[in-house]
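Following is a predicted model, sequence given first.
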Amino acid sequence: MGLRLLDAGFDLCVWNRSPHKTLPLQQRGARVAQTAAQAVAGADVVLTMLANGPAVNEVLTGGVAQVMPAHALFIDMSSIPPDMARQHAALLGQRGISALDAPVSGGVVGAAAGTLAIMAGGAPEAFERALPVFAALGRATRVGPVGAGALAKLANQMIVGITIGAVAEALLLVEAGGADPAAVRDAIRGGFAESRVLELHGARMLSRNFAPGAHATTQLKDLASALRTAEDEGLELPLTRGVHALYSRFVETGGASLDHSALLLALERLNARER
């Protein structure tokens, strides 16, 4: 994402808690800050892409919120709970700083290609101001007020996680019954079962390539956040709860470092069909 912004001509100052990760950006012209607070000093737009809500909160309250210019626009592109996104916007609003929660979907491939799906929550005028930045990264849609972007990301992760589970169960079933899983996948593609999950993660399952694009731990985190949000709204989400339980067991039993499509392994283990 940083490289896309540099290619679009933006003056970029970056910070990462692992300094070596900034080297490719520095080689392309980005300035490297020693602290997060130093990175945002004088900035017109501040973007965060961090591991989770607590990480964003630590960065904001650890100096960034205090030194960010009052004219700045804060755009958090991390996947965090909606209530935390609202808290951050309220904190910054005390200093007159506009905020958007704008998580993304599309993975490393979408980030590199500039084709991310960007789900933005916040005021219309803040969204309009962010459009030139978003244009370098992908396709942005304003989905409502602050917190709505985080809600949209939870919806995305619910659909992805449940669909991964459905594809994994389907491939397990057809193989157990004697059909060719690869041929079955080809046969149903283009019908109502078609999806990016069937296309990309179905291929991962067939080749058993579970090198992480999106970690199983990240999927688990977002499903847990979806369930907490549902409880706050008085909703019961049985499909999400079931897939969350599968991911939870999978992560606890050694799947934490694998891609979320590796849920297939958990289902194989459950059915005593491990390879």
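Here it is on my side, so go on. Numbers count the residues shown, from 1 in each chain.

Please, where are all the strands along the stretch 101-250 of the chain?
With strands called from DSSP state E, counting those that start in this stretch, the stretch 101-250 of the chain shows them at 104-105, 116-121, 138-144.

Who are the packing partners of the shortest one?
This points to strand 104-105. With contacts taken as 3 or more CB pairs under 8 Å, 6 or more residues apart in numbering; DSSP states H and E, strand 104-105 sits against strand 116-121, helix 148-176. Yep, even glycine has a C-beta here, placed from its N, CA and C like the rest.

Among those, which comes closest to T48?
In terms of CB to CB, the element of the helices and strands packed on strand 104-105 nearest to T48 is helix 148-176, at 12.8 Å.

tell me the angle of the closest one relative to strand 116-121?
On the basis of axes from the mean of the first three to the mean of the last three CA atoms, to 10 degrees, helix 148-176 is oriented at 140 degrees to strand 116-121.

about what we covered before: would you point to the one among the strands of the stretch 101-250 of the chain that's packed deepest?
Mean neighbour count (mean count of other CB atoms under 10 Å) peaks for strand 116-121 among these, with a mean of 24.

residues in contact with that one?
Residues outside strand 116-121 that contact it (CB atoms under 8 Å, 6 or more residues apart in numbering) are 1, 77, 85, 100-106, 110, 127, 130, 134, 137-153, 156.

Mind doing that once more with 6 Å?
Strand 116-121 has contacts (CB atoms under 6 Å, 6 or more residues apart in numbering) with 100-106, 110, 127, 134, 137-140, 142-144, 146-149, 152-153.

Just give me how far it sits from the chain centre.
10 Å (CA atoms, centre = their mean, to the nearest Å).

tell me the mean pLDDT over that strand?
Mean pLDDT, computed over strand 116-121, is 98.

C-alpha coordinates for that strand, CSV please?
Provided in CSV are the C-alpha atoms of strand 116-121 (Å, rounded to 0.1, in the frame of the first residue of the first chain):
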residue,chain,number,x,y,z
LEU,A,116,-8.4,-3.3,-2.7
ALA,A,117,-12.1,-3.1,-1.7
ILE,A,118,-12.1,-0.2,0.8
MET,A,119,-15.1,0.1,3.2
ALA,A,120,-15.2,3.6,4.7
GLY,A,121,-17.2,4.9,7.7
